[in-house]
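Peer 1: what shape does this take:
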Amino acid sequence: RSEYGNATLGARAEKHSAYGTSFVPRFVYTKVFDRFHFKALASGAFKAPAVQNIVASPDVNPERARVFEAEFGAQITDSAYITMNGYDVTIDNPIIYVYSCPDPDAACIDTFVNYEKTGSRGVELEAVYQLGSVHAGASYSFYTSKDKNSVDIYQVPGNDSVNIGFPAHKVTGNVTVDVTEKLASTVSMVYRSKRYGETSVDEDGNPTFKALSPTLLVNANVHYTDLLGIAGLSGRVGVYNLLSSRYKVPQGYWGDHAPLPAEPFELLVDLTYRFGL
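Peer 2: As a prediction, the model looks like this:
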C-alpha cells in the first residue's frame, strides 16, 4: 500500500502427475483518488483434463488462459456512480467436447479435443443511482470473438465476431422503490440483441443458422416484510416476462438441436419465514 496505489502479486504453482508443472501469475493494481478509482489486472489460469476427458481422449492436453482487465469508476454525485470496464480473455488449447458419428454402421462416440484457442474481448458500462427510497441501476455490455476464437462449433458460419447463442449487446436496468419501511417494489429489464441458433437443416442434413430477433424481458415484483404483523414473515408477488416476449434459448454450439422456447409468462407468489428475528 502506498500513496501511489495498491499492488497485489500472487501466483499458483502445481505439479500434475500426467502433465507436469504449471505456474500461473496474477497481478492487480488499484488506486482511489478523490471521487475516482482505477483498477488494472493481469492473470493466468491452468486447467488439467479431468479423468473423464482422459478416459475418452488419452491425447488431450491442458488448457491455459490469459486475462487482462482495466476499470475506471467515478462518483458523479453523492447519489450517482459509474464504472467502465474493458477486458480481454484468451484460452489456449481449450478442451472441447465433440460428439461425432464417423461410421454410420457403428455407435456414435464422445471425444475431447484441443482447439488452438478461444476467447473474447469487450467492454462493460454500469451506472448506479440511490437517493432516499429510490435505488436504480443500468448496465451495457458488448463483446466480440473476432480473431479470438478458432473453435468452429462455436462460430456462426460467415460471422466470426459472435459465438452461437450469445448476443453481442446486452442492456439491463432495474428500479426499486421503498414505498414504506416494509413495502418495496422492483421493476427490472434485460434487452438482448439478436443471437444466432440452429433453426433448420439443408437438403444434405447440415444445420443452418438464423438470427433470432432481439428480445426484451421485463420483470416486476412487490415485497412486503413483517406480513400480517408477524416478525420474520415476508411475502412476495412477482411477474417474470411481463410483456410475454417470445424468448428462445439456442444451444451455444453446433448441436443439431433447435432453440428451446422459454416461459412466455410466469407468476410467482412466495412466503418466507426467518426464525430468530
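
Peer 1: for the stretch 151-277 of the chain, which spans come out with low pLDDT?
Peer 2: 277 (pLDDT under 70).

Peer 1: which residues in it form strands?
Peer 2: With DSSP state E, counting those that start in this stretch, the ranges of strands along the stretch 151-277 of the chain come out as 155-156, 159-163, 169-178, 183-192, 195-201, 207-212, 215-225, 233-240, 248-249, 260-261, 266-273.

Peer 1: which strands or helices does the fifth one pack on?
Peer 2: By that I understand strand 195-201. Counting contacts by 3 or more Cβ pairs under 8 Å, 6 or more residues apart in numbering; DSSP states H and E, strand 195-201 packs against strand 159-163, strand 207-212. All C-beta atoms are positioned from the backbone trio N, CA, C, and that covers glycine.

Peer 1: now the last one - C-alpha only, CSV.
Peer 2: These are the backbone C-alpha positions of strand 207-212, laid out as CSV (Å, rounded to 0.1, in the frame of the first residue of the first chain):
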residue,chain,number,x,y,z
PRO,A,207,-27.5,-27.4,-39.8
THR,A,208,-28.4,-23.9,-41.0
PHE,A,209,-28.2,-20.9,-38.7
LYS,A,210,-30.6,-18.0,-38.5
ALA,A,211,-30.6,-14.7,-36.5
LEU,A,212,-33.1,-14.8,-33.7
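
Peer 1: which residues are contacting it?
Peer 2: With Cβ atoms under 8 Å, 6 or more residues apart in numbering as the test, strand 207-212 has contacts from 156-157, 164, 194-202, 248, 250, 254, 256, 259.

Peer 1: thinking again about what came up before, and the helices and strands packed on strand 195-201 as CSV, adding distance to Lys31 and mean neighbour count?
Peer 2: Formatted as CSV, the helices and strands packed on strand 195-201 follow (distance: least, Cβ to Cβ, whole Å; neighbours: other Cβ atoms under 10 Å):
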stretch, distance to Lys31, mean neighbour count
strand 159-163, 34, 19
strand 207-212, 42, 16
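
Peer 1: for those strands, which one sits closest to Ser145?
Peer 2: Ser145 sits nearest to strand 159-163 of all the helices and strands packed on strand 195-201, at 5.4 Å, using Cβ to Cβ.

Peer 1: a markdown table for the helices and strands packed on strand 195-201, including distance to Val269?
Peer 2: A markdown table is the format used below for the helices and strands packed on strand 195-201 (distance: least, Cβ to Cβ, whole Å):
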| stretch | distance to Val269 |
| --- | --- |
| strand 159-163 | 37 |
| strand 207-212 | 31 |
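
Peer 1: please name the bridge partners of the nearest residue to Glu198 once chain neighbours are set aside.
Peer 2: Nearest residue to Glu198 in three dimensions, chain neighbours excluded: Pro207, at 4.4 Å (Cβ to Cβ, 6 or more residues apart in numbering). Pro207 has the following beta-bridge partners by DSSP bridges: Val201.

Peer 1: can you check Met84 too?
Peer 2: What pairs with Met84, by the bridge criterion (DSSP bridges), is Phe72, Leu125.

Peer 1: again with Lys39
Peer 2: Assigned bridge partners for Lys39, using DSSP bridges, are Thr30, Glu71.

Peer 1: so who does it touch?
Peer 2: Neighbours of Lys39 in contact, by Cβ under 8 Å, 6+ apart: Val28, Tyr29, Thr30, Lys31, Glu69, Ala70, Glu71, Phe72.

Peer 1: need the residues you listed in a markdown table with neighbour count, can you?
Peer 2: Output for those, formatted as a markdown table (neighbours: other Cβ atoms under 10 Å):
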| residue | neighbour count |
| --- | --- |
| Val28 | 15 |
| Tyr29 | 16 |
| Thr30 | 15 |
| Lys31 | 15 |
| Glu69 | 16 |
| Ala70 | 15 |
| Glu71 | 17 |
| Phe72 | 14 |
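
Peer 1: and of those, the nearest to Ala106?
Peer 2: Nearest member of those to Ala106, counting by Cβ to Cβ, is Glu69, at 46.5 Å.
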